[in-house]
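> here's my sequence, what's the structure:
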Amino acid sequence: MRVCFYIDGFNLYHKIAELPNKATPDKSLRWLDLSALAKKLRFRSDEQIEKVYYFSAFADWLPASRQRHKAYVKALEYSGVRVILGKFKEKGASCPRCHHNWKKHEEKESDVNLALHVLQDAYEDIYDRAYIISADSDMIPAMRMVKAKFLQKEICAVFPPNSGGTKNLKQVADSNKKITPLQIYSCLFPSVLCDQAGRIVACCPQEWC
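Presented below is the predicted three-dimensional model:
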């Protein structure tokens, strides 16, 4: 069976950031090898992984965060993950009580990019089963369309640790599973990732080590 993985980067990141608990997060878990994780999440070891996608965006207004994220993206790309980046949009906000105004940032495009790639790969017959790693109910329309148009294809909803509110996703998907903390701990990149010639490709950010 041919399978593809579609990973909602921020949805997974925020749940990993709460491990082992919110009070004492283990930041090293953010250096997660998604290709290795995909292999562990398959129902059967003989499933052929065609593609692993990672959908996210750089926080350009936070230089340190952007730098860490870029290092992680380098590691993912070297491991064969296809990185699809959206962007953040600046938006005005205000307090209805004190009328204080400020700027906030909303991540855009990742959900749409993920849905479009799930649909495009279905139309191009890339996979027999799609694993969608997200607890975001915005994935439901794309899942429904695949199931309606391609009766032979399967959708598996994969939930990050500590995910709640997944009932509707479970009802739409053909199957579901939850990522365990043990799977996260067993799928980390080495702190220094090198190519076959020994050249450094990416280093785990110091704040995550």
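> any idea which helix or strand comes after the longest helix along the chain?
Assignment by DSSP state H gives helix 63-78 as the longest helix of the chain. Sequence order places strand 82-85 as the next helix or strand after helix 63-78, per DSSP states H and E.
> please name every helix or strand in contact with the longest helix of the chain.
The helices and strands touching helix 63-78, judged by 3 or more Cβ pairs under 8 Å, 6 or more residues apart in numbering; DSSP states H and E, are strand 48-56, strand 82-85, strand 200-203. In short, each C-beta sits where N, CA and C put it, glycine included.
> how about 6 Å then?
Helix 63-78 sits against strand 82-85, strand 200-203, with contacts defined as 3 or more Cβ pairs under 6 Å, 6 or more residues apart in numbering; DSSP states H and E.
> mind listing what's buried along that helix?
68, 69, 71, 72, 73, 75, 76 (16 or more other Cβ atoms under 10 Å).
> on that earlier part again, as CSV, the helices and strands packed on helix 63-78 with distance to residue 148 would be great.
Converted to CSV, the helices and strands packed on helix 63-78 look like this (distance: least, Cβ to Cβ, whole Å):
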stretch, distance to residue 148
strand 82-85, 24
strand 200-203, 40
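> which strands border the worst-scoring helix or strand of the chain on mean pLDDT, and is each parallel or antiparallel?
Within the chain, no helix or strand scores below strand 101-108, which has a mean of 74 by mean pLDDT, DSSP states H and E. Strand 101-108 sits in its sheet next to strand 87-94 (antiparallel), going by DSSP bridges.
> buried residues in the strand it pairs with?
residue 88.
> give me the residues contacting that strand.
Strand 87-94 is contacted from outside by 57, 101, 102, 103, 104, 105, 106, 107, 108, using Cβ atoms under 6 Å, 6 or more residues apart in numbering.
> equivalent analysis for stretch 150-165, please.
By Cβ under 6 Å, 6+ apart, the surrounding residues in contact with stretch 150-165 are 12, 15, 18, 41, 122, 129-133, 135, 143, 146, 166, 169, 173-179, 181.
> among these, which are located in strands?
Using DSSP state E, the members of the contacts of stretch 150-165 that fall in strands are 129, 130, 131, 132, 133, 175, 176, 177, 178.
> derive a ChimeraX selection command for the buried subset of those residues.
Typed into ChimeraX, the line below selects the buried ones among those, using 16+ other Cβ under 10 Å:
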select :129,130,131,132,133,176
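> quick one: distance of stretch 8-24 to the chain centre.
Centroid separation for stretch 8-24 versus its chain: 12 Å, with Cα atoms, centre = their mean, to the nearest Å.
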